[in-house]
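S.K.: I'll drop the sequence and a predicted model, then ask my questions.
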Protein chains: 2
Amino acid sequence: MEILALQDYNIYVGEFNEHLKNLLRENDYSRLIVLVDQNTRRHCWPLLEPVIREREHTLIEIPAGEQHKHLQTCQLIWQHMMEARADRRSLAINLGGGVIGDMGGFCAATFKRGMDFIQMPTTLLSQVDASIGGKLGIDFMQVKNSIGVFRNPQAVFIDPRFLKTLPVRELRSGFAEIIKHSLIADREQWEQLRRITDLDTVDWPALIVPSLRIKQHIVEVDPFERGLRKALNFGHTIGHAVEGYALETDTPLLHGEAIAVGMIAEAHLSYQKAGLSESGLSLITDFIRHIYHPEALLVDTYDELLSLMTNDKKNTGKAINFSLLPDYGSVVVDQTATEAEIVSSLTYFNEAVLPLTNRQ
Amino acid sequence: MEILALQDYNIYVGEFNEHLKNLLRENDYSRLIVLVDQNTRRHCWPLLEPVIREREHTLIEIPAGEQHKHLQTCQLIWQHMMEARADRRSLAINLGGGVIGDMGGFCAATFKRGMDFIQMPTTLLSQVDASIGGKLGIDFMQVKNSIGVFRNPQAVFIDPRFLKTLPVRELRSGFAEIIKHSLIADREQWEQLRRITDLDTVDWPALIVPSLRIKQHIVEVDPFERGLRKALNFGHTIGHAVEGYALETDTPLLHGEAIAVGMIAEAHLSYQKAGLSESGLSLITDFIRHIYHPEALLVDTYDELLSLMTNDKKNTGKAINFSLLPDYGSVVVDQTATEAEIVSSLTYFNEAVLPLTNRQ
């Protein structure tokens, strides 16, 4: 068991049973509300149920998937909380991936103006990405996380047992945030990561803890995303737009899959505008391409992608904001790019991912 | 101009023009979003418009009234914010009564995880009640303010010019909170108030400022309603239920009108359970009855009223919580009452408000 002590709460990496019991013993919660989806109910709830069996609890199940991370699902959650007579002294337990954590946290933070909640992230992505920073929210008008609040949980429990139930596509998605953390802040970890060729043989806890420490440092310096925290947005301006667009198609992408696309395109923007070397750009592109095998973007979607980027909440006024890499392990924030530069990066991405046989 | 300096922000009581100009000059907001309803657009916007005319601004108009304080209206507001390309560095200005302040504040606090907002309360009720405490929210499943957050505005501007446009019924509604503040914390102000017979001749700013100071003191001691702040709930457990119920009928009540009912009934609970004297109970009853002329409650609504009280967010677990008066100017919190005691208070209220000619 490894414990990361953040300013307001702890992250427990390991089997959660004893530490969760302690937390419940130390707090006199009127009732527990456990949020699950059909997957975590089947695969993860059996690990949690024995620990809270003797306390008054209500299970709320919502449909799995980013396409349900919206206000209608919140209404369902709030309604069940109301019917379960949850109150301000209840505790919400969010057992699931990023959607459950972001939306369940938002519902808890706003139900009767806020009850305590704990996060039990069950995907690699949410373990690495959503455990720190207090960002909660839902998608609105196709814009990701555009309604939400900042609020910290009482605790986060990262249990490696949950990862064993994940398909490899989910692991790959979470791996994108680990790559991002290393690229923006830890050259040594990047050198180590870029030698990984097979995700099946990775020791995940050994990668999660250093990755969390990078995010912890950044978020503690800048909790409300006024400065340094924007570093975490590398790959995310274009990545979010790609993800939002794909959500409306028959082939939605997982978050990390979209961020992988964003990191290649924004590495090219970094090369155009922030001094990243050509060899650096190639190395990043080749590594991500090898792990993710991303599909090319259709040229006639560029306009909609640009429009989604314009509405990204990281922007101030009309400019589109980026965080770019001058080199591995370092980052510059508050960079803006013209539409032409962005289109040029999307074109670079498309050429890079075309199968060799299709190239001129 | 009187300025109350709170921990995080100032309340300006007087004409707002110069102080608002200063605030806008000191902050580089990307755009202003002004929320109005059809009434404040007509009566209050003409006072604000000249001050912000030269800044980029968007007016969002929503229908007036508590019956629109719900998630559907929030969606409308968020949608307009999105279309106006509002971002985290924008400023929302909530120009209206409690509904505009609570709901506009909630929308601002959650749009892109939070933008700054200022409150310009235009009713007596919202000037006295909603200016302090950071409580934001909307009604959900007939339960008042059951979805919301705590967040403070950048400033509050209380301009007496707005009161001149109000019907007397609105003034009377706001007066209920002034009565409540005096009853729970200021015996001298109560002795002064109870001599008021005609609301037309009242010097409102002279009553508002001391009333705000009472609330300021209470909220600063207990910002998240864990203890003393519950004192402010006197009259509100029953009052909220009455208000929630009336909202669904053809004769909805204004908030203060419902709280007036709640204060009579909870004064009787105070007499039953907290040591309020019989003469004290009579004096409070007679004064409120004289000002408000409340209608009797229908006996067959008692069950629904009790059910609404059970769902009030002030409760912990299953008990129904009250704040009661042992005497004028003092209060005890965390009191519970049985259903029989509550019904007895509702019966007392009904007998007290029956016209003399109808009594046995």
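M.R.: Okay, I see it.
S.K.: Chain B contacts on chain A?
M.R.: By CB under 8 Å from any CB of the partner chain, the residues of chain A that approach chain B are A:30-31, A:71, A:75, A:78-79, A:82, A:85, A:87-89, A:109-114, A:135-137, A:140-141, A:143, A:145-150, A:225, A:310-311, A:313, A:315-318. Quick note: C-beta positions are derived from backbone N, CA and C, even for glycine.
S.K.: Those residues in helices, which ones?
M.R.: A:71, A:75, A:78, A:79, A:82, A:109, A:110, A:310 (DSSP state H).
S.K.: Closest one to residue B:178 out of those residues, please.
M.R.: Nearest to residue B:178 among these, counting by CB to CB, is residue A:110 at 29.9 Å.
S.K.: Can you pull up the most central residue in chain A?
M.R.: Central residue of chain A (CA atoms, centre = their mean): residue A:129, 4.4 Å from the mean position.
S.K.: ok, that one touching residue A:175?
M.R.: No: using CB atoms under 8 Å as the test, residue A:129 is too far from residue A:175 to be in contact (11.0 Å).
S.K.: Tell me where chain A has strands.
M.R.: Shown for chain A, the strands assigned by DSSP state E span residues A:2-5, A:10-13, A:32-37, A:57-62, A:91-96, A:116-121, A:135-140, A:143-150, A:155-158, A:321-327, A:330-336.
S.K.: Among those, single out whichever gets nearest to residue B:5.
M.R.: Relative to residue B:5, the nearest member of these by CB to CB is strand A:143-150, separated by 25.7 Å.
S.K.: who touches that closest one?
M.R.: Contacting residues not belonging to strand A:143-150 are listed as A:71, A:102, A:106, A:109-110, A:133-140, A:223-224, A:240, A:243-244, A:308, A:311-313, B:78, B:82, B:109-114, B:149 [CB atoms under 8 Å, 6 or more residues apart in numbering or on different chains].
S.K.: now do 6 Å
M.R.: Applying CB atoms under 6 Å, 6 or more residues apart in numbering or on different chains, the set of residues contacting strand A:143-150 from outside is A:106, A:109, A:134, A:136-138, A:140, A:240, A:244, A:311, A:313, B:110, B:112-113.
S.K.: can you put those residues in TSV and add neighbour count, distance to residue A:329 and pLDDT?
M.R.: Putting the contacts of strand A:143-150 into TSV (neighbours: other CB atoms under 10 Å in any protein chain shown; distance: CB to CB, whole Å; pLDDT from 0 to 100) gives the following:
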residue	neighbour count	distance to residue A:329	pLDDT
A:106	26	33	98
A:109	25	34	98
A:134	20	26	91
A:136	29	29	97
A:137	22	29	97
A:138	22	33	97
A:140	22	35	95
A:240	25	23	92
A:244	25	29	88
A:311	21	31	76
A:313	24	27	61
B:110	28	35	98
B:112	26	29	96
B:113	22	28	96
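S.K.: Reformat those as JSON lines; add distance to residue B:351.
M.R.: Compiled in JSON lines, the contacts of strand A:143-150 are given as follows (distance: CB to CB, whole Å):
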{"residue": "A:106", "distance to residue B:351": "47"}
{"residue": "A:109", "distance to residue B:351": "44"}
{"residue": "A:134", "distance to residue B:351": "52"}
{"residue": "A:136", "distance to residue B:351": "49"}
{"residue": "A:137", "distance to residue B:351": "51"}
{"residue": "A:138", "distance to residue B:351": "49"}
{"residue": "A:140", "distance to residue B:351": "51"}
{"residue": "A:240", "distance to residue B:351": "63"}
{"residue": "A:244", "distance to residue B:351": "61"}
{"residue": "A:311", "distance to residue B:351": "59"}
{"residue": "A:313", "distance to residue B:351": "56"}
{"residue": "B:110", "distance to residue B:351": "45"}
{"residue": "B:112", "distance to residue B:351": "53"}
{"residue": "B:113", "distance to residue B:351": "51"}
